[in-house]
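> need coordinates for the below:
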Amino acid sequence: MTRWMPRLDWMLLLIMLCLAVFGLVTLYAAVHQGGIVLWQRQVIYWLVGLSMFFIVCLIPIRLLALMTWPAYLGALLALLLVPVLGEVQMGARRWLDLGVINVQPSELMKWALMLLMAHWFASRHASSLRDLSLALLFAVLPAGLIVIQPDLGTTLLLLLSATVMVFAAGLPWRWAAYGAAASLISLPVLWLNMHTYQKQRVLSFLDPEADPLGAGYHVIQSSIAIGSGGVFGKGYLHGTQARLHFLPEQHTDFIFAVLAEEGGLIASGLLLLLYGLLISRIVSIASRAATRFGAMLCIGVAAIFSLYVCINIGMVSGVMPVVGVPLPFVSYGGSALITMLAALGMVMRVHIESRDKLPWQRPGSPFA
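Below you'll find the predicted structure:
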C-alpha cells in the first residue's frame with residue numbers, strides 16, 4: 001500500500017473529506033431532535049464507505065474491466081428479487097434486507113451500468129448502430145425493473161447517465177435532436193403509465209398552491225425554508241422549518257433545505273463549490289487517463305454525481321418535480337453513500353494508473 005500512497009490524488013481526497021464533514025454536520029442539524037441514532041448510523045456508513053474507497057483503490061483497472069459483467073448481472077438479479085423478497089418502505093418496494101443493512105439494488109445498478117457502459121465503449125464507437133442498440137438495451141432493461149418499484153427518480157438518473165456516456169463515446173450530436181423528439185412523443189404514454197402519486201408530483205410542480213396540504217406540501221415547505229435562510233441563515237440548529245418538523249424527509253431528499261435555512265446562501269454556495277470542485281477534478285482525471293476505459297469510467301462517475309446534485313437541488317428549490325433523489329454525501333442513507341465512495345475509489349485508481357504506463361496497456365488492447 002505504501003508504494004502507491006504517494007501517487008494518490010490528494011486534492012480529490014481533500015474534497016471528499018470536506019464533503020464528509022459538511023454532510024455529517026448538516027445531517028446532525030436535521031436529526032438532532034429525536035433522530036440521533038440515524039446520525040450515528042451515518043458515521044458507520046462513512047467508515048464502511050471509506051474502507052470500500054481504499055479497497056477499490058487497490059483493484060487494477062484491468063480487473064475492474066473483468067468485473068463489469070458479473071457486477072451488472074448481479075445487480076440485475078438483485079432487481080429481479082426485489083418484487084419477491086423486497087421490503088416495503090414509504091409505499092415502495094425497493095430494498096432487500098440483508099440483516100445488517102438494507103440494500104437498495106437500484107443504487108448498485110447505477111454504478112454497475114456505468115461500469116458496463118465504460119467497458120462496452122472502451123473498444124467500440126457509439127456511431128455503430130449495433131453497438132449503440134445493445135448499449136441502450138443494457139440501460140433500458142434495469143430501468144424497466146426500477147420504474148415498477150416504483151422509483152421514477154432513479155430511473156431517470158439511470159437513463160440520463162447512460163445517455164451522457166453514449167455521447168461521450170462518440171454519438172453524433174444530431175442524435176440529441178432525434179432523442180428529444182422521441183421523448184416528447186413518448187410523454188403521453190409515460191403519463192398514462194405513471195402512478196397516481198407521481199402524477200400528483202408533476203401537477204404540484206406546475207402549481208404547488210393547488211394542493212398546499214397534499215401534493216404541493218413538500219415544495220412549499222422547502223421553498224419557505226430556503227427563502228427564510230437568506231444570505232447568512234438563521235444559525236446552526238436554529239432552523240424553524242426543520243426544528244418544528246415542517247420539512248418532509250428533512251434528513252434524506254430535502255436535507256438541502258435544512259442547510260439553506262440554517263446556513264443561508266453562504267453555506268449553500270460553499271456546498272455547491274465543493275461539488276463543482278469534485279466533478280471538475282474527476283473530469284481532469286479522465287482527461288489524463290492512460291486508457292479509454294478509464295476515461296469513460298471517470299466520465300460516467302462525473303455524470304452521475306452531476307445529475308444527483310442537479311436533480312436533488314432542482315426538486316428541493318421547486319424548479320423540478322419531486323422524484324426522490326438523495327443529495328450526494330449529505331442525505332442519510334447507506335447504499336447510496338457506500339456506492340458513491342466506491343465509485344470515487346475507481347476514479348482514484350484511474351489516477352494512480354495514469355501516472356505509469358502499465359505493461360498490459362499496449363496498442364490494440366481493448367483497454368488501451
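> hmm, who's touching stretch 165-184?
Applying CB atoms under 8 Å, 6 or more residues apart in numbering, the external contacts of stretch 165-184 come out as 114, 117-118, 121, 124-127, 132, 135-136, 163, 296, 299-300, 303. Just so you know, the C-beta spots here come from the backbone N, C-alpha and C atoms, and that holds for glycine as well.
> residues of stretch 97-109 that come out buried?
For stretch 97-109, the neighbour count (16 or more other CB atoms under 10 Å) marks 101, 102, 103, 104, 105, 106, 107, 108, 109 as buried.
> for that stretch, how far is the first residue from the last?
17 Å (CA to CA, to the nearest Å).
> now the buried residues of stretch 97-109 as a markdown table including pLDDT, distance to residue 25 and secondary structure?
Formatted as a markdown table, the buried residues of stretch 97-109 follow (pLDDT from 0 to 100; distance: CB to CB, whole Å; DSSP: H, G, I helix; E, B strand; the rest coil):
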| residue | pLDDT | distance to residue 25 | secondary structure |
| --- | --- | --- | --- |
| 101 | 67 | 23 | coil |
| 102 | 73 | 25 | strand |
| 103 | 77 | 27 | strand |
| 104 | 81 | 25 | coil |
| 105 | 86 | 30 | helix |
| 106 | 86 | 28 | helix |
| 107 | 84 | 24 | helix |
| 108 | 87 | 28 | helix |
| 109 | 91 | 30 | helix |
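> identify, from those, the entry nearest to residue 63.
Distance to residue 63 across those (CB to CB) is lowest for residue 108, with 18.4 Å.
> how far away is the closest one from residue 260?
30 Å (CB to CB, to the nearest Å).
> and if you look at residue 173?
For residue 173 relative to residue 260 (CB to CB), the value is 35 Å.
> past the helix or strand containing residue 295, which element shows up next along the chain?
Assigned by DSSP states H and E, residue 295 belongs to helix 292-316. Counting by DSSP H and E, the element after helix 292-316 in chain order, helix or strand, is helix 334-354.
> between helix 292-316 and that following helix, find me the angle.
Per axes from the mean of the first three to the mean of the last three CA atoms, to 10 degrees, the angle that helix 334-354 makes with helix 292-316 is 150 degrees.
> and helix 334-354, how far out from the chain's middle?
Distance of helix 334-354 from the chain centroid (CA atoms, centre = their mean, to the nearest Å) equals 12 Å.
> by contact count, what packs against that helix?
Judged by 3 or more CB pairs under 8 Å, 6 or more residues apart in numbering; DSSP states H and E, the packing partners of helix 334-354 are helix 10-31, helix 36-57, helix 61-66, strand 102-103, helix 105-120, helix 255-287, helix 292-316.
> any idea which helix or strand comes after the third one?
Moving toward the C-terminus from helix 61-66, the next helix or strand (DSSP H and E) is helix 68-85.
> with adjacent residues omitted, what lies nearest to the residue nearest in space to the middle of the chain?
Against the mean C-alpha coordinate of the chain, by CA atoms, centre = their mean, the closest residue is residue 308 at 4.4 Å. Excluding its sequence neighbours, the residue lying closest to residue 308 (CB to CB, 6 or more residues apart in numbering) is residue 328, at 4.8 Å.
> and the helix holding residue 295, what does it pack onto?
Helix 292-316 packs on helix 61-66, helix 105-120, helix 152-168, helix 217-229, helix 255-287, helix 334-354, going by 3+ CB pairs under 8 Å, 6+ apart.
> in it, what's buried?
Buried, per 16+ other CB under 10 Å, within helix 292-316: 292-316.
> doesn't residue 228 make contact with residue 265?
No. Judged on CB atoms under 8 Å, residue 265 makes no contact with residue 228 at a distance of 11.9 Å.
> now the helices and strands packed on helix 334-354 as CSV including distance to residue 244?
Shown next, in CSV, are these (distance: least, CB to CB, whole Å):
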stretch, distance to residue 244
helix 10-31, 13
helix 36-57, 18
helix 61-66, 47
strand 102-103, 29
helix 105-120, 31
helix 255-287, 11
helix 292-316, 18
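> pick out the shakiest of those, pLDDT-wise.
Here the lowest mean pLDDT among the helices and strands packed on helix 334-354 goes to strand 102-103, at a mean of 75.
> walk me through which strands that strand pairs with, and which way each runs.
According to DSSP bridges, strand 102-103 has the following sheet partners: strand 92-97 (antiparallel).
> what is the distance between the partner strand and the centre of its chain?
That offset, for strand 92-97, works out to 18 Å (CA atoms, centre = their mean).
> for the record, mean pLDDT for it?
For strand 92-97, mean pLDDT is 72.
> please point out which parts of that strand sit buried.
Using 16+ other CB under 10 Å as the test for burial, strand 92-97 gives 92, 93, 94, 95, 96.
> okay, and the beta partners of the last one?
On the basis of DSSP bridges, residue 96 takes part in beta bridges with residue 103.
> my read is that it contacts residue 81, right?
Yes. Assessed by CB under 8 Å, residue 96 is found in contact with residue 81 at 6.4 Å.
> now the common contact residues for those two.
By CB under 8 Å, 6+ apart, residue 96 and residue 81 have these common neighbours: residue 105.
> what sits closest to residue 281 if chain neighbours are left out?
residue 12 (5.2 Å).
> ok, residue 274 to residue 23 distance?
Residue 274 sits 10 Å away from residue 23, going by CB to CB.
> those two: who's more crowded?
residue 23 (22 against 16; other CB atoms under 10 Å).
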